[in-house]
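> Give me the fold of what follows.
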Amino acid sequence: PSPVLALALLDDATLEADPDRTPLPGYDEEVAEVLRDVLAAGAIGVGIDIMGPELWGESEAFVDLVLESHERVALAAHLDRDAARSVGTEVVEGAITVVLQPERAAGLFGLANLRQDRDGAVRTAITGLWDEAGAWRPGFAAKVVSIIAGGDFPGVGSRDPVWIDYRIDWQRLPRWSWKDLGQVVASRPGELAGRFLVVGGDIEGYGDTGFPLPHIGDRPDHGPGVVVQALVINTLLDGAPIHGPVWWMPLLASLLLCPLIALVLWMHRLSGAVGLLVSFMVVYVVAAFLLFRVGSWVVPMAGPVVVFPVVGAVAVALRWRLPTRPARSADTRLESARRVDAVEAGSG
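Predicted structure coming up:
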């Protein structure tokens, strides 16, 4: 993982340490004070991957934090497409917007929307979305990267998703429970110097805690949304190294299926025909594996791997139904040659 990133988790241990406090609204002053100390310790910036309650915008400590460090703070919002509006921006609608003006206040936010597939996994990420007013809004990860890099948002205006690089071992990212962060800043401030701290939630039962993750080695197979956001940030910092999908490979394979069936029908031995089909499938799988390992190219696998055996079964079934093609033995060919010679000799 990038040495720039670090995580702080508002987790169950944090709530258990102070059970009388309301989970989010009651953290306004503490969040502001601890994050101000984090920035003072030399952190590049802080990102809050939690949609702050509207009450935070009325907190003097939180308002002061944002106004003093607005160029180093990233806030999370969510684009609700059904309601055609952004949720979470209410936290700056008071004094923050008055001082910074609406455009700069809106620039504090990155959209924390995640693209979940049908199985719940997040395989690709957005660099931004077009909002209800037709303006391009950066994703939360892109907003964080722009602060770290000191430049524009990655992929400005791009509608193309980015493949998340799950090869990164996110467990090696420095991370602390929120309840311990204040002590870390006070006793070991050097651990935060030069880092960007992303704060997120990992509270059991909340909807942002159970994203499926690739089960690699001893890594957990589920994780909170802030871990996914950290992986997206890391992917963008690495220049989005995973490319694709490579559509020419399955297209080429589909074009070769018809001549492949013809070869299966033409070959004398069934074992040779089946071996040809299996070899073709193995070559495709190995080529896809090498393209991903060497060049980080994503190759569609499910379609071809399912279609090849089906096509093979159809070809073998046709062999049984169609007449066997005529076979000419060596003796037959020799006899035919002798007859031709005899005819030519008689003609001469």
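> Check the chain and tell me which residue is nearest its centre.
Computing the C-alpha centroid of the chain and ranking residues by Cα atoms, centre = their mean puts I164 first, at 2.6 Å.
> which regions of the stretch 101-250 of the chain lie under the pLDDT threshold?
Scanning the stretch 101-250 of the chain for pLDDT under 70 picks out the ranges 132, 205-208.
> Repeat the analysis, applying 90 as the threshold.
113-116, 118-121, 126, 128-137, 151-161, 201-223, 244-245 (pLDDT under 90).
> mind listing what D119 touches?
D119 makes contact with P212, according to Cβ atoms under 8 Å, 6 or more residues apart in numbering. In this view, the C-beta of every residue, glycine as well, is placed from N, C-alpha and C.
> Adjust the sequence numbering to begin at 220 for everything that follows.
Taking 220 as the first residue, the last one we looked at is D338.
> Look up how far P433 lies from it.
Relative to P433, D338 is positioned 12 Å away (Cβ to Cβ, to the nearest Å).
> Same check on R540?
Counting by Cβ to Cβ, the gap from R540 to P433 is 44 Å.
> Give me the more crowded residue out of the two.
More crowded of R540 and P433, by other Cβ atoms under 10 Å: P433, with 11 against 6.
> which stretch of helix or strand covers the more buried one?
Here P433 is covered by no helix or strand, with elements defined by DSSP states H and E.
> Does it touch D384 like I think?
No: taking Cβ atoms under 8 Å as the definition, P433 is not a contact partner of D384, at 10.6 Å.
> I'd guessed the residue nearest to the centre of the chain sits against R342; true?
Yes: I383 is within contact range of R342, at 6.3 Å (criterion: Cβ under 8 Å).
> Going along the chain, name the strands of the protein.
224-230, 264-267, 292-299, 304-306, 328-330, 343-344, 347-349, 355-357, 381-382, 394-396, 415-421, 430-431, 441-442 (DSSP state E).
> Please name every helix or strand in contact with the second one.
Taking 3 or more Cβ pairs under 8 Å, 6 or more residues apart in numbering; DSSP states H and E as the contact definition, the neighbouring helices and strands of strand 264-267 are helix 247-259, strand 292-299, helix 359-368, strand 415-421.
> Could I get those in a markdown table, plus columns for distance to G442?
As requested, the helices and strands packed on strand 264-267 are arranged in a markdown table below (distance: least, Cβ to Cβ, whole Å):
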| stretch | distance to G442 |
| --- | --- |
| helix 247-259 | 22 |
| strand 292-299 | 17 |
| helix 359-368 | 15 |
| strand 415-421 | 8 |
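> got JSON lines for these, with mean neighbour count too?
Compiled in JSON lines, the helices and strands packed on strand 264-267 are given as follows (neighbours: other Cβ atoms under 10 Å):
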{"stretch": "helix 247-259", "mean neighbour count": "19"}
{"stretch": "strand 292-299", "mean neighbour count": "22"}
{"stretch": "helix 359-368", "mean neighbour count": "25"}
{"stretch": "strand 415-421", "mean neighbour count": "24"}
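> F328: which of those is closest?
Comparing those by their distance to F328 (Cβ to Cβ), the top pick is strand 292-299, with 4.3 Å.
> Neighbouring strands - and their directions - for that closest one?
Here strand 292-299 has these sheet partners by DSSP bridges: strand 264-267 (parallel), strand 304-306 (antiparallel), strand 328-330 (parallel).
> from these, which stretch is densest packed?
A comparison of the strands paired with strand 292-299 by mean neighbour count, using mean count of other Cβ atoms under 10 Å, puts strand 264-267 on top with a mean of 26.
> now that one: mean pLDDT?
The average pLDDT for strand 264-267 rounds to 96.
> ditto for stretch 492-501
83.
> Now do that stretch: distance to the chain's middle.
33 Å (Cα atoms, centre = their mean, to the nearest Å).
> So what touches that stretch?
Here stretch 492-501 has contacts from 475, 479, 482-484, 486, 523-524, 527-528, 530-531, 534-535, 538, using Cβ under 8 Å, 6+ apart.
> switch the cut-off to 10 Å
Residues outside stretch 492-501 that contact it (Cβ atoms under 10 Å, 6 or more residues apart in numbering) are 472, 475-476, 479-480, 482-486, 488, 523-524, 526-528, 530-532, 534-535, 538.
> Which among those residues count as buried?
Among the contacts of stretch 492-501, those buried by neighbour count (16 or more other Cβ atoms under 10 Å) are 472, 476, 479-480, 482-483, 486, 523, 527, 530-531, 534-535, 538.
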